[in-house]
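Enquirer: generate a structure from the sequence data that follows.
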Amino acid sequence: MKSITAVLENKPTISRKGLSLYFQLTYIPAPYTIYEGIHKLEPNHFLEIDCNGFKVKCTEIEQDLPNNLAPDLNFQKAKVLTHDLINESVESRSVADVPIGTFLSGGVDSSIVSLALARQREDKINTFS
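Expert: Predicted structure coming up:
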């Protein structure tokens, strides 16, 4: 944001929608920003910029994933598998000779990682937000 606003002649006006979202959510989700006329690139998208014609094209990344990766996997098995994979992933990344901590962003994923780490360790973990 700083690099964009630094090259503009005039400071952009504050977006009412962006400001409203910030007060509701304490962050501004894509494609909105705090400024009018400046937008975030949405997740799973990329920009193509034609430097000759100054054309910009925003495209969603297509993912050709099979519709049913594991046809014999019911909901209960999926919960157990997800639990095991998260614990395995956290355990493999928590080998250190210094105190370990986690950053709590306020989302579900950082809370799950912190919970998994806390259950795996005998000593308390440091958390930061």
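Enquirer: which residues of this structure score low on pLDDT?
Expert: 69 (pLDDT under 70).
Enquirer: quick one: the helices in it, in order.
Expert: Here the chain has its helices, by DSSP state H, at 2-7, 16-25, 75-92, 108-120.
Enquirer: could I get the first one in PDB with only the CA atoms?
Expert: So that's helix 2-7. C-alpha atoms of helix 2-7 as PDB (Å, rounded to 0.1, in the frame of the first residue of the first chain):
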ATOM      1  CA  LYS A   2       2.800   2.400   0.900                       C
ATOM      2  CA  SER A   3       4.500   1.900  -2.400                       C
ATOM      3  CA  ILE A   4       1.300   2.600  -4.300                       C
ATOM      4  CA  THR A   5       0.400   5.700  -2.400                       C
ATOM      5  CA  ALA A   6       4.000   7.000  -2.500                       C
ATOM      6  CA  VAL A   7       3.800   7.400  -6.300                       C
END
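Enquirer: quick one: it to chain centroid distance?
Expert: Relative to the centre of its chain, helix 2-7 is centred 23 Å away, using CA atoms, centre = their mean, to the nearest Å.
Enquirer: what's that helix in contact with?
Expert: Contact with helix 2-7 is made by 11, 12, 35, 38, as judged by CB atoms under 8 Å, 6 or more residues apart in numbering. Backbone N, C-alpha and C define where each C-beta goes, glycine included.
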